[in-house]
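**Q** Give me a 3D structure for the following:
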Amino acid sequence: MVKFVMAKEKISGFSNGGWHSSKSLFQIKEGIIEENFRYYFDMGRYTTLMSEILELNEFRDKEMKKTSTPKGNYAVIRDVPDTYDRCIKTRIPKKEIDFNLAKEQHSLYCETLRQLGLTLIRIETDDKLPDCCFVEDTAIIIGDKAIISYMGVKSRVGEEIEVKKILANYKEIFEIKSPATIEGGDVLKIKDKIFIGISPRTNEQAIKQVQSIVSNDGYQVIPVKINEIFHLKSACTYLGNDYILITPGYFDDKYFSEFKKIIVPKKYEYSTNCLSINGKVLIPEGYPITKKFIKDEGFTTIEIPMSEFRKGDGGLTCLSIIF
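**A** Numbers count the residues shown, from 1 in each chain. Reported below is the predicted structural model:
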């Protein structure tokens, strides 16, 4: 009886986050079964034994999902320029940007990344480049290589210059050449696959150049024709553990048939752009339905206020380059 009580305490304490052990959940489960098998057998409580095993298995599965997000060590970020209110805005109706609030939201974003264990690599902002805080678009990290974008919008040309200088300290540099254009928001890397959206900002010439650059690195480059959205990652992001967050209707779902899908309704489309890193999923504040969908699959979420970046066509992944 004493062993039974101790085992129950182990289950309860571990499930509530108050008990830690170097043993795996498999080992814990096996130990509990060994301790309590005779007790349950003598009492004829076979269903209770099975119930405890199933409970532990479910908890294990959720814990595995929580820790199977993409990993990173560094985050390149760029502060919000004083001219940010002149950034590209395509949403109708266009809304006035609260510059001070944008800076507050950016600071919180950066601090969250730091709390998640990422070393921040900060690039000085440039008021001549109103969109420069959306640093993701300027470069694509593939293994030991950094592919520097050729920006498709004239007002954004030049954002990549300082990013290239910084990344040269960490990666081998490659550059996309005109007439090819590409932005990092169209590039979704999942394990050994690189999905690249064909969009108003990214063309097929750029995809061919990316294929050439990574041809000997074991990656499969997959072009994805998208419609009616800004970037591929506006409607599809990777959470980890083979889960993708997706809003259907903007591209052919066949490209992602091998993955487990969390479907986000179109009216909550903005919340599809989440940033999953180092055990947490950052989601834009104000989307409880999307948050529930993600948490139901065992992931841990952190809400980040993004109102002022949404006004500038930006999402969570847009504000950093993580590697």
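**Q** contacts and neighbour counts: CA atoms only from here.
**A** OK.
**Q** where along the stretch 151-300 of the chain do the strands fall?
**A** 172-175, 187-190, 193-198, 220-225, 236-240, 243-246, 260-263, 275-277, 280-284 (DSSP state E, counting those that start in this stretch).
**Q** who does the third one pair up with?
**A** Strands that pair with strand 193-198, judged by DSSP bridges, come out as strand 187-190 (antiparallel), strand 220-225 (parallel).
**Q** Could I get the buried residue list for that strand?
**A** 194-198 (16 or more other Cα atoms under 10 Å).
**Q** Also the shortest one?
**A** Of the residues in strand 275-277, those scored as buried under the neighbour-count criterion (16+ other Cα under 10 Å) are 275-277.
**Q** Let's have those residues in JSON lines, adding distance to Gly314.
**A** Shown next, in JSON lines, are the buried residues of strand 275-277 (distance: Cα to Cα, whole Å):
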{"residue": "Leu275", "distance to Gly314": "13"}
{"residue": "Ser276", "distance to Gly314": "16"}
{"residue": "Ile277", "distance to Gly314": "18"}
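**Q** quick check, nearest of those to Thr301?
**A** Nearest to Thr301 out of these is Ser276 (Cα to Cα; 8.8 Å).
**Q** Can you give me every residue that contacts that closest one?
**A** By Cα atoms under 8 Å, 6 or more residues apart in numbering, the contact set of Ser276 is 69-70, 238-240, 282.
**Q** pLDDT weak spots in the stretch 51-200 of the chain?
**A** Low-confidence segments of the stretch 51-200 of the chain (pLDDT under 70): 52-53, 56-67, 92.
**Q** rewinding a little: filter the contacts of Ser276 down to the buried ones and hand me the ChimeraX line.
**A** Selection of buried members from those for ChimeraX, criterion 16+ other Cα under 10 Å:
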select :69,70,238,239,240,282
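**Q** The contacts of Ser276 into JSON lines, with extra columns for distance to Lys171?
**A** Output for the contacts of Ser276, formatted as JSON lines (distance: Cα to Cα, whole Å):
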{"residue": "Thr69", "distance to Lys171": "23"}
{"residue": "Pro70", "distance to Lys171": "19"}
{"residue": "Tyr238", "distance to Lys171": "23"}
{"residue": "Leu239", "distance to Lys171": "25"}
{"residue": "Gly240", "distance to Lys171": "24"}
{"residue": "Leu282", "distance to Lys171": "26"}
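**Q** returning to what we had before: okay if I get the buried residues of strand 193-198 as CSV plus distance to Lys154?
**A** Shown next, in CSV, are these (distance: Cα to Cα, whole Å):
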residue, distance to Lys154
Ile194, 26
Phe195, 25
Ile196, 21
Gly197, 20
Ile198, 18
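**Q** picking up where we left off before, can you lay out the strands paired with strand 193-198 as a markdown table showing mean neighbour count?
**A** Formatted as a markdown table, the strands paired with strand 193-198 follow (neighbours: other Cα atoms under 10 Å):
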| stretch | mean neighbour count |
| --- | --- |
| strand 187-190 | 20 |
| strand 220-225 | 18 |
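**Q** For those strands, could you give me TSV that also reports distance to Thr247?
**A** Output for the strands paired with strand 193-198, formatted as TSV (distance: least, Cα to Cα, whole Å):
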stretch	distance to Thr247
strand 187-190	15
strand 220-225	15
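**Q** Of these, which is nearest Ile246?
**A** Among the strands paired with strand 193-198, the nearest to Ile246 by Cα to Cα is strand 187-190 (12.2 Å).
**Q** Can you give the contact residues for the closest one?
**A** Strand 187-190 is contacted by residues 140, 194-197, 232-233, 237-238 when judged by Cα under 8 Å, 6+ apart.
**Q** Out of these, the closest to Asp79 would be?
**A** Proximity of these to Asp79 (Cα to Cα) peaks at Ile140, which lies at 19.3 Å.
**Q** count of neighbours near that closest one?
**A** For Ile140, the neighbour count with other Cα atoms under 10 Å is 26.
**Q** Would you confirm that it contacts Tyr150?
**A** No - proximity of Ile140 to Tyr150 does not meet the contact threshold set by Cα atoms under 8 Å, at 11.1 Å.
**Q** buried sites along stretch 268-285?
**A** Neighbour-count burial for stretch 268-285 flags 269-284 (criterion: 16+ other Cα under 10 Å).
**Q** Between its first and last residues, how far does it reach?
**A** End-to-end distance for stretch 268-285, by Cα to Cα, to the nearest Å: 12 Å.
**Q** repeat for stretch 218-229
**A** Its first and final residues considered, stretch 218-229 spans 29 Å by Cα to Cα.
**Q** Need the residues that contact that stretch.
**A** 192-199, 204, 207, 210-211, 232, 235, 250-252, 255.
**Q** change it to 10 Å
**A** Outside stretch 218-229, the residues that touch it by Cα atoms under 10 Å, 6 or more residues apart in numbering are 142-143, 186-200, 203-204, 207-208, 210-212, 214-215, 232, 235, 249-255, 269.
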